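*Asks:* Provided below for reference: sequence and predicted model.
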Amino acid sequence: MTNVKGKVTMCTLSYIKNEKGKNCMNWLNKLERKFGKYAIPNLTFYLIACYVLGFAISVFMPNMFSYLTLEPALILRGQVWRIVSWVLIPPSSFDLFTIIMLLFYYSLGKTLEQTWGTFRYNVYIFSGIIFTVIGAFVLYGIFSILVPGFAGVGGIMGAFFSTYYINMSIFLAFAASYPEMQVLLYFVIPIKMKWMGILYFVLIGYDFLRGGWPTKVVILASLLNFIVFFLSTRNLSPYNPKEIQRKRKFQQEMKRSAPSGDGPRHRCAVCGRTELDDPNLEFRYCSKCNGNYEYCQDHLFTHEHKK
């Protein structure tokens, strides 16, 4: 009896945890239903195109380059284009290594977009950009209060803000989604993405501790999208690559075996109830069961997993 209660308690806690994570993602689901049609496909390509344009401006029109930086003081004076134009500033100098890294990030971003969906990937990237802009204004406000005369000075903060850490967030997102994938470090050393992700976190942590307040604000603002998506929700299992592949396979099987007429499309493997018995019932598939077993909301976290 104690063991049964213990199982029920653990399942209940698991259910509460999953419900919290599901509620955190509800806002994103609602946004996707309303604005999903406006999502930009292949967004990583356009980001890299912005970098290439920025490189061209720095070479052929170097005097114009200073008009692209993210400067809150100058934005407040009417140069509102800087809210967007700073995205053109490339994260590093233009050389062979940069080209290789941009191609690498393009591959990561394209895979993430295919895994999460175009809209969610758009939200991830644009939230990183928006958080960075907000961070710039917060930093400007703090310095304006603490440093006399700072509010009237422009052209100082632009050097701190670029898309470098936003690109880092793409890598961290990929490492979190594909932790067991193996890549070649420096094209020679085989290493799993999870260890690369840890290495990146260590490097970012070093920059954070070593840098001043501007660096700290830039890092926190640029990586806040990663925190929102992976730490606050704590439930991205529906967007796990294995889970997505399993669902796609099941959907294909369902299409082949879909009942004709007005028969039920969902049936709980425990109680046998369908959506025809209660239209308010929710059905989910258990990723821990060996096979495509569907359960209603009452038995999703209390059933015994089929091995």
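*Replies:* Looks like it arrived, so ask away. Numbers count the residues shown, from 1 in each chain.
*Asks:* could you chop the chain up by domain?
*Replies:* If you go by automatic domain parsing, the domain ranges for the chain are 16-236, 240-307.
*Asks:* dump stretch 189-198 to PDB, keeping only the CA atoms.
*Replies:* Output of stretch 189-198 as PDB, limited to C-alpha atoms (Å, rounded to 0.1, in the frame of the first residue of the first chain):
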ATOM      1  CA  ILE A 189      38.900  16.400 -32.100                       C
ATOM      2  CA  PRO A 190      35.600  14.500 -31.800                       C
ATOM      3  CA  ILE A 191      33.400  15.900 -29.000                       C
ATOM      4  CA  LYS A 192      29.800  15.800 -28.000                       C
ATOM      5  CA  MET A 193      27.700  18.900 -28.100                       C
ATOM      6  CA  LYS A 194      26.900  18.800 -24.400                       C
ATOM      7  CA  TRP A 195      30.600  19.100 -23.500                       C
ATOM      8  CA  MET A 196      30.900  21.900 -26.100                       C
ATOM      9  CA  GLY A 197      28.000  23.600 -24.500                       C
ATOM     10  CA  ILE A 198      29.600  23.400 -21.000                       C
END
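*Asks:* buried ones in that stretch?
*Replies:* For stretch 189-198, burial by neighbour count (16 or more other C-beta atoms under 10 Å) applies to 193, 196-197. Every C-beta, even on glycine, is put in place using the N, C-alpha and C of the backbone.
*Asks:* are we agreed that residue 63 is in a strand?
*Replies:* No. Assessed with DSSP: H, G, I helix; E, B strand; the rest coil, residue 63 is helix; it does not lie in a strand.
*Asks:* now the helices for the stretch 51-200 of the chain?
*Replies:* Counting by DSSP state H, counting those that start in this stretch, the segments of the stretch 51-200 of the chain that form helices are 62-65, 72-75, 82-85, 96-116, 118-146, 164-177, 193-210.
*Asks:* closest one to residue 156 among those helices?
*Replies:* Among these, helix 72-75 comes nearest to residue 156, with 7.7 Å by C-beta to C-beta.
*Asks:* hey, C-alpha coordinates of the closest one in CSV?
*Replies:* Only the C-alpha atoms of helix 72-75 are listed here, as CSV (Å, rounded to 0.1, in the frame of the first residue of the first chain):
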residue,chain,number,x,y,z
PRO,A,72,20.7,54.8,-26.7
ALA,A,73,21.7,58.5,-26.3
LEU,A,74,21.6,59.0,-30.0
ILE,A,75,18.4,57.0,-30.4
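*Asks:* what helices and strands are in contact with that helix?
*Replies:* Judged by 3 or more C-beta pairs under 8 Å, 6 or more residues apart in numbering; DSSP states H and E, the packing partners of helix 72-75 are helix 82-85, helix 118-146.
*Asks:* which one of the ones you listed has the lowest average pLDDT?
*Replies:* Lowest mean pLDDT within the helices and strands packed on helix 72-75: helix 118-146, a mean of 89.
*Asks:* could you figure out how far that one is turned away from helix 164-177?
*Replies:* For helix 118-146 against helix 164-177, the angle by axes from the mean of the first three to the mean of the last three C-alpha atoms, to 10 degrees is 140 degrees.
*Asks:* buried residues in helix 118-146, which are they?
*Replies:* Neighbour counts using 16+ other C-beta under 10 Å place 118-125, 127-129, 131-133, 135-137, 139-140, 143-144 of helix 118-146 among the buried residues.
*Asks:* list the contacts for the residue nearest to residue 192 when sequence neighbours are not counted?
*Replies:* Once flanking residues are discounted, residue 192 sits nearest to residue 182: 5.4 Å by C-beta to C-beta, 6 or more residues apart in numbering. Neighbour list for residue 182: 190-193 [criterion: C-beta atoms under 8 Å, 6 or more residues apart in numbering].
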